[in-house]
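Q: Generate coordinates for the sequence data below:
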Amino acid sequence: MIQITSLKNPLIKEIKSLYRKKDRVKNKSFIIEGIKIVEEAIDNSYPIKNIIYTDQLFKTNDGEEIFQKIKSLDNIIYVSQNILKEISDTENPQGILATAMYEYNNIKEIEKIKKPFLLFLDGVQDPGNMGTIIRTADAFNIDGVIITDGCVDPYNPKVVRATMGSIFRVPLYYISNSVADLMELKNQNIKIYSTSLSGSTPIYEIDFKEGFILSIGNESKGVSEEVFSLSDGLIKIPMPGMAESLNAGIAASIIMYEAMKQRA
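A: Numbering: from 1, shown residues only. Now for the predicted structure:
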């Protein structure tokens, strides 16, 4: 264990920089904060760079328990509560924060999955929606989530918090060329279904038991035309009520549940 007492310490400066996407990409690192999510990372053997803690940890429920898990690690750092507040993104820090390494999965790995169930996020920009989708994908044992250029960074601190630890378990893929990569997946006999308000096929009429990709569109624009053009079907969630639409996170969750029922 080491102790840091200055905000000018290079490591503290590096941690603060991880609130910027460009620095997360540069360092291949992101911030996780709070007892539950740090514990989730440890329990899932996720690659953690540093764990920062303060005396506040011992005044928080389950704080002593997680300290017993981390106290013998080489990468544990003690700081004052004032320093933690400077590098924290929450109003009332629980006394623990960590930085973790990340690496997107290789899209080629999908070839090894038999009858895959994947999500394709086409410009999903709201951190809450992204977090909900990743958390639900974990709950329903989805094979992976494909992220595109127009999406919010899944390693944004708000997204990470919203996943409640699921980000450590759900395989994430990143593609920059949606058309080329989707065509390659289609050539592996993986169907693409896109959500659309004008979709003609209710989700309960779709056969989700074979390999498929579910495309979820941007909150205001929906699925892009280029992805629509590659789709094997446009699907909709029947809504007998008065609401015209659902947000991306809820819509994805409902369809994931329907697919899970069929594939169980």
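
Q: In a helix, residue 121, correct?
A: No - for residue 121, which was evaluated using DSSP: H, G, I helix; E, B strand; the rest coil, the result is strand, with no helix membership.

Q: how many neighbours does it have?
A: One way to gauge burial is a neighbour count; for residue 121, by other Cβ atoms under 10 Å, it gives 26. Heads up, the C-betas are built off the backbone N, CA and C, glycines and all.

Q: repeat for residue 80
A: Neighbours of residue 80 (other Cβ under 10 Å): 16.

Q: same question, the one 5 residues further on
A: Using other Cβ under 10 Å, residue 85 is surrounded by 15 other residues.

Q: my guess is it meets residue 93, correct?
A: Yes - in this structure, residue 85 sits in contact with residue 93. The criterion is Cβ atoms under 8 Å, and the distance is 6.2 Å.

Q: Quick one: residues contacting residue 114.
A: With Cβ atoms under 8 Å, 6 or more residues apart in numbering as the criterion, the residues that contact residue 114 are residue 211.

Q: shaky segments in the chain?
A: 199 (pLDDT under 70).

Q: ok now the helix or strand containing residue 235, how far from the chain's centre?
A: Applying DSSP states H and E as the criterion places residue 235 in strand 233-236. The offset between the C-alpha centroid of strand 233-236 and the centroid of the whole chain comes to 24 Å, using Cα atoms, centre = their mean, to the nearest Å.

Q: That strand pairs with which strands, and in what direction?
A: strand 191-195 (parallel), strand 201-202 (parallel) (DSSP bridges).

Q: Out of these, indicate the one that is most buried.
A: strand 191-195 (a mean of 22; mean count of other Cβ atoms under 10 Å).

Q: Which residues outside that strand are in contact with it?
A: When contacts are taken as Cβ under 8 Å, 6+ apart, the neighbours of strand 191-195 outside the stretch itself are 120, 182, 185-186, 206, 210-217, 222-223, 227-228, 230-237, 251-252, 255.

Q: those helices in the stretch 101-250 of the chain, which residues are they?
A: Here the stretch 101-250 of the chain has its helices, by DSSP state H, counting those that start in this stretch, at 127-139, 157-163, 178-186, 225-228, 248-263.

Q: Need these in JSON lines (columns: distance to residue 76 and mean neighbour count).
A: As requested, these are arranged in JSON lines below (distance: least, Cβ to Cβ, whole Å; neighbours: other Cβ atoms under 10 Å):
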{"stretch": "helix 127-139", "distance to residue 76": "27", "mean neighbour count": "22"}
{"stretch": "helix 157-163", "distance to residue 76": "20", "mean neighbour count": "21"}
{"stretch": "helix 178-186", "distance to residue 76": "40", "mean neighbour count": "17"}
{"stretch": "helix 225-228", "distance to residue 76": "45", "mean neighbour count": "14"}
{"stretch": "helix 248-263", "distance to residue 76": "35", "mean neighbour count": "18"}
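
Q: Those helices: which one's closest to residue 29?
A: helix 157-163 (11.8 Å; Cβ to Cβ).

Q: Just list what the closest one packs against, helices and strands only.
A: Applying 3 or more Cβ pairs under 8 Å, 6 or more residues apart in numbering; DSSP states H and E, one finds that helix 157-163 makes contact with strand 29-33, helix 127-139.
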